[in-house]
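Novice: Okay, predicted coordinates and the sequence, questions at the end:
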Amino acid sequence: MTALAPKTASTAASTITPEAHLRVTLLLEEYGRLLDEDRLEDWVELFTSDCRYEIMSRENRDLGLPLSLMLCDSKDMIYDRVYSLREANIYNIHSDCHVIGPARVVPTAGGFEASAAYSLYQSDQAGRTRLFSVGRYFLTLVEAPEGLRIAGLQVVVDTGAILSLLATPI
Amino acid sequence: MTALAPKTASTAASTITPEAHLRVTLLLEEYGRLLDEDRLEDWVELFTSDCRYEIMSRENRDLGLPLSLMLCDSKDMIYDRVYSLREANIYNIHSDCHVIGPARVVPTAGGFEASAAYSLYQSDQAGRTRLFSVGRYFLTLVEAPEGLRIAGLQVVVDTGAILSLLATPI
Amino acid sequence: MTALAPKTASTAASTITPEAHLRVTLLLEEYGRLLDEDRLEDWVELFTSDCRYEIMSRENRDLGLPLSLMLCDSKDMIYDRVYSLREANIYNIHSDCHVIGPARVVPTAGGFEASAAYSLYQSDQAGRTRLFSVGRYFLTLVEAPEGLRIAGLQVVVDTGAILSLLATPI
């Protein structure tokens, strides 16, 4: 399943209900919290089995270039990446803090298209915090028996390529 | 129409409904997203024709000084500014990312008074991100045929005067 | 009353209503806004008389160490601290800006457990802004005649110990 960054709507009034908007907000909240708490295995469970998770620069997206900074086209592939992280980093050398803005939510046949701006801070073991990345999530969400799940996530980053990016979910 | 920064309420419980709060949240979301996507002409459409859009420092507001960093007292004047930006900047030399906090919303006769804290990051073409401005939006929102529109917006910035501020909406 | 950082839930769907979630969001909004506006005496009124307000590092929390960066175990103790701040700082030498992310909310017998990530910026009188702290609020909220009040707040900071931390609520 391909996650296309949805075209942003015109300025027409949204018809999303508070219940639907809250469901998406809570999914985004959980997404950020699980990463912040280093619960990567639980975070993977937010995705569908045939999901697509992609990190790309805003520049490449705007130019229509297919180049990704990271691309996983299944949940297994995301899990493999998490497993590698666990093997490579016995001690967690930084902690994340995601602050996510209000979500845009558009109902679809199978769930929702959504987007939200994020800021991601990383703190090292000495308690030094730096801004790691800002950008925007573009999500394709689908209804699953266990609740809303992520069928597609395109993370469009404003902040430039950072080597450690390849080792860290955003 | 003058946008006065509303007196913040006492700690009395709010009576705003989820539907009304969501409408304001979605307007703020759209406000930030349109700027982030460099859709300035669409962003202008969020304002009423006789709106007032003002950027001022927190210091000046607290001292009651009428000095603004930027002041537009009609939609046409905002549009002229956007048009100048388009002429002056053929290439967009930075990209914005707005992360907006939860909104305070108070119903009024014609719409809502609202406020929300924001953080605004700018990234240059090399992918370097810096914190550009933090502060708070104070909005006077009115019902219009096409939905909620901004009749007054006072942006009170904590971050000091920056020369390029005059060229960039916040 | 002790505020324990709640165990984060599994990825099970939440059953919180929009009305309940909004109440918690508005409390968090008010919490940040009152601090940002230097209305510390009003901010104290968000707490119950037998509250517990604690700031601790993430490292100490993860290690299970009881060491706090700040600990007040009653509203009077918080008020004393605010009073000291007022005596010590005749002129407010910085201004705060809290940008708070979406809240996790879990209903309890007497109210709610909630958490939310925050970023806190401080600007000095010359308008220079710096990131002061990022981390997460863990709140125990209870129903009171005047609305939701904070019975317990544990602020878990990612950003390391800063001397002025002891003088400033987060």
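Specialist: Alright, I've got the coordinates.

Novice: Name the single longest strand found in chain A.
Specialist: For chain A, the strand with the greatest residue count under DSSP state E is strand A:129-144.

Novice: and whichever helix or strand comes after that one, does that touch chain C?
Specialist: Proceeding N to C from strand A:129-144, the next assigned helix or strand is strand A:147-157, under DSSP states H and E. Yes - using C-beta under 8 Å from any C-beta of the partner chain, strand A:147-157 comes into contact with chain C via A:147-148. From N, CA and C alone the C-beta is placed, and that goes for glycine too.

Novice: what do you get for stretch A:77-90?
Specialist: No - Stretch A:77-90 is not in contact with chain C by C-beta under 8 Å from any C-beta; minimum separation 14.5 Å.

Novice: quick one: is stretch A:137-144 near chain B?
Specialist: No - Stretch A:137-144 is not in contact with chain B by C-beta under 8 Å from any C-beta; minimum separation 11.2 Å.

Novice: Using CSV, list the CA coordinates for that stretch.
Specialist: Only the C-alpha atoms of stretch A:137-144 are listed here, as CSV (Å, rounded to 0.1, in the frame of the first residue of the first chain):
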residue,chain,number,x,y,z
TYR,A,137,3.6,13.6,9.3
PHE,A,138,1.3,12.5,6.5
LEU,A,139,-0.7,9.5,7.5
THR,A,140,-3.0,7.0,5.9
LEU,A,141,-5.0,5.4,8.7
VAL,A,142,-7.3,2.4,8.4
GLU,A,143,-9.8,0.7,10.7
ALA,A,144,-8.5,-2.6,12.1
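
Novice: low-confidence ranges in chain A?
Specialist: A:1-14, A:89-92, A:161-167 (pLDDT under 70).

Novice: Strands along that one, start to end?
Specialist: A:47-57, A:70-72, A:94-100, A:104-107, A:111-124, A:129-144, A:147-157.

Novice: could I get the ones you listed as CSV with mean neighbour count and distance to residue B:31?
Specialist: Below are the strands of chain A laid out as CSV (neighbours: other C-beta atoms under 10 Å in any protein chain shown; distance: least, C-beta to C-beta, whole Å):
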stretch, mean neighbour count, distance to residue B:31
strand A:47-57, 20, 24
strand A:70-72, 17, 30
strand A:94-100, 23, 17
strand A:104-107, 20, 11
strand A:111-124, 23, 11
strand A:129-144, 21, 14
strand A:147-157, 22, 19
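
Novice: will you turn those into JSON lines that also has distance to residue C:129?
Specialist: Shown next, in JSON lines, are the strands of chain A (distance: least, C-beta to C-beta, whole Å):
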{"stretch": "strand A:47-57", "distance to residue C:129": "26"}
{"stretch": "strand A:70-72", "distance to residue C:129": "31"}
{"stretch": "strand A:94-100", "distance to residue C:129": "15"}
{"stretch": "strand A:104-107", "distance to residue C:129": "27"}
{"stretch": "strand A:111-124", "distance to residue C:129": "14"}
{"stretch": "strand A:129-144", "distance to residue C:129": "12"}
{"stretch": "strand A:147-157", "distance to residue C:129": "22"}
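
Novice: Flag every residue of chain A that's near chain C.
Specialist: Contact residues (C-beta under 8 Å from any C-beta) of chain A with chain C: A:18-19, A:21-23, A:25-26, A:28-30, A:32-34, A:36-37, A:39, A:42, A:45-46, A:95, A:97-101, A:119, A:121, A:123, A:125-129, A:131, A:146-148.

Novice: Kindly identify which of those also come near chain B.
Specialist: Among those, chain B is touched by A:18, A:21-22, A:99-101, A:119, A:131 when using C-beta under 8 Å from any C-beta.

Novice: Among those residues, which pair sits farthest apart?
Specialist: A:18 and A:131 (31.9 Å; C-beta to C-beta).

Novice: From the centre of chain A, point out the most distant residue.
Specialist: Distance from the C-alpha centroid of chain A, by C-alpha atoms, centre = their mean, peaks at residue A:126 (26.9 Å).

Novice: Run through the residues that contact the closest residue to that one other than its chain neighbours.
Specialist: Distance criterion C-beta to C-beta, 6 or more residues apart in numbering or on different chains; nearest residue to residue A:126, sequence neighbours excluded, is residue C:160 at 6.1 Å. For residue C:160, the contacting residues are A:123, A:126-129, C:57, by C-beta atoms under 8 Å, 6 or more residues apart in numbering or on different chains.

Novice: Kindly report the same for residue A:134.
Specialist: A:117-120, A:157-159, B:97, B:99, B:121, B:123, B:129.
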